[in-house]
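Asks: Sequence plus predicted model, see below.
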Amino acid sequence: MSIKLFEIYTIGGLTLKNRIVMSPMCMYSCRAKDGKITDWHRVHYTTRAVGQVGLIIFEASAVVPQGRISFEDLGIWSDGHIAGLKEVVDMIHVYGSKAGIQLAHAGRKAELGVPGEAPSAIAFDQMLPPKELSVEEIKGLVNAFQQAAVRAKAAGFDLLELHAAHGYLINEFLSPLSNHRTDEYGGDETKRYRFLKEVIAAVKAVWDGPLFVRISATDYTEGGNTPETYVRYAKLMKEEGVDLVDCSSGGLVLAPIKTFPGYQVAASALIRKEAGIATGAVGLITEPQQAEDILQKGEADLIILARELLRNPYWPFKAASELGVTITPPVQYQRGWTVKKSR
């Protein structure tokens, strides 16, 4: 039986050397508050490429300044961000890895000292009540996502991911818990989906590479979205040219979440089976055999690692060793990565 974790995998015309993906994780490291790449990002992302991660997705990058979670978020709202991003993408490519970027808007969860932007004027927990977006402002944000995609292309990214999870703006439009609009952007599922639909169309108009969408497959709250909701949404995404659904969960409202190894995998498996779209599994996946089993069972197409890659940027070597696969490390590291079997 072949080891799926280290199979070459092609999606949306992009070929990955393995199925190991680095999840977008905010670093809050733009100390100048300008959204630009710093030395931290250069080291952080390139190290995972040296570690042989197949696909590295940059953290949530704000498409407008007011769409940042914090003042120290990475940004992609101006052409001034392109050069720094391209530098890191080029460094990642040296080691045979591919680079993606997550396009994002924090919505009502922006912590910038002023009210955020949201589909409805409903606060998250004890934060400032957000400003309800007008239709004209919504159209402007759709354009902002499109222009961010143009910049991502100029920076040489191989893949885009839209952040529609964790209670941020797109997720807020999708859920009835945060979207109480009565116009064309709120009400039934079709109307709540409209903002994401328009963002996908706008991005696809300028981007010809693979497109992922990260979702929160459940709100963990009565009356909110469920994995079954996202089966229906995923069918629409597939029709509109989305290549993969990245299956996370929670973050829209405060709710108890029972976590355990692979606690979000069931949603990935359901959406993959019922919507007929590729999925990525994420959430407390830490062990190589656990990751391989998910792939062998057909519960996901990609394994997306977050904190485990913060603890060990060379996790792919550990996985290869434990699963009996030979991978080629950079020549500088071969002495450390070559395991001599005892006779």
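Replies: Alright, I've got the coordinates.
Asks: for V231, what are its contacts?
Replies: Taking CB atoms under 8 Å, 6 or more residues apart in numbering as the criterion, V231 is in contact with L270, I271, E274, A275. To be clear about C-beta, it is placed using only N, CA and C from the backbone, and glycine gets the same treatment.
Asks: Buried among these? Need that as a selection in PyMOL.
Replies: Only the buried entries of the contacts of V231 go into this PyMOL selection, using 16 or more other CB atoms under 10 Å:
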select buried, resi 270+271+275
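Asks: Could you export the contacts of V231 as TSV, including distance to F58, pLDDT and secondary structure?
Replies: Converted to TSV, the contacts of V231 look like this (distance: CB to CB, whole Å; pLDDT from 0 to 100; DSSP: H, G, I helix; E, B strand; the rest coil):
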residue	distance to F58	pLDDT	secondary structure
L270	28	98	helix
I271	24	98	helix
E274	30	98	helix
A275	26	98	helix
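Asks: Let me have the contacts of V231 in JSON lines, extended by distance to P210.
Replies: Formatted as JSON lines, the contacts of V231 follow (distance: CB to CB, whole Å):
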{"residue": "L270", "distance to P210": "22"}
{"residue": "I271", "distance to P210": "17"}
{"residue": "E274", "distance to P210": "21"}
{"residue": "A275", "distance to P210": "17"}
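Asks: which one of the contacts of V231 sits closest to R214?
Replies: I271 (12.3 Å; CB to CB).
Asks: Measure how buried the closest residue to that closest one other than its chain neighbours is and give me the count.
Replies: Counting by CB to CB, 6 or more residues apart in numbering, I271 lies nearest to A234, which is 5.0 Å off, once chain neighbours are set aside. Using other CB atoms under 10 Å, A234 has 27 neighbouring residues.
Asks: Touching, A234 and L270? I think so.
Replies: No: using CB atoms under 8 Å, A234 is not in contact with L270; the gap is 9.6 Å.
Asks: ok, so of the contacts of V231, who is nearest E87?
Replies: Using CB to CB, the contacts of V231 come closest to E87 at I271, 35.5 Å.
Asks: measure that closest one to A217 for me?
Replies: Distance from I271 to A217, counting by CB to CB, to the nearest Å: 7 Å.
Asks: who touches both of the two?
Replies: Common neighbours of I271 and A217 (CB under 8 Å, 6+ apart) are P227, Y230, C247.
Asks: Next one: the first one from L160, what distance?
Replies: Separation of P227 from L160 (CB to CB) stands at 24 Å.
Asks: Who has more neighbours out of the two?
Replies: L160 (25 against 20).
Asks: end-to-end on stretch 106-121?
Replies: Distance across stretch 106-121, first residue to last, is 14 Å (CA to CA, to the nearest Å).
Asks: Then stretch 237-252?
Replies: 20 Å.
Asks: Check stretch 267-286 too.
Replies: Span of stretch 267-286 from end to end, CA to CA: 18 Å.
Asks: buried sites along it?
Replies: 267-272, 275, 277-283, 285.
Asks: I am finished for the moment; much appreciated.
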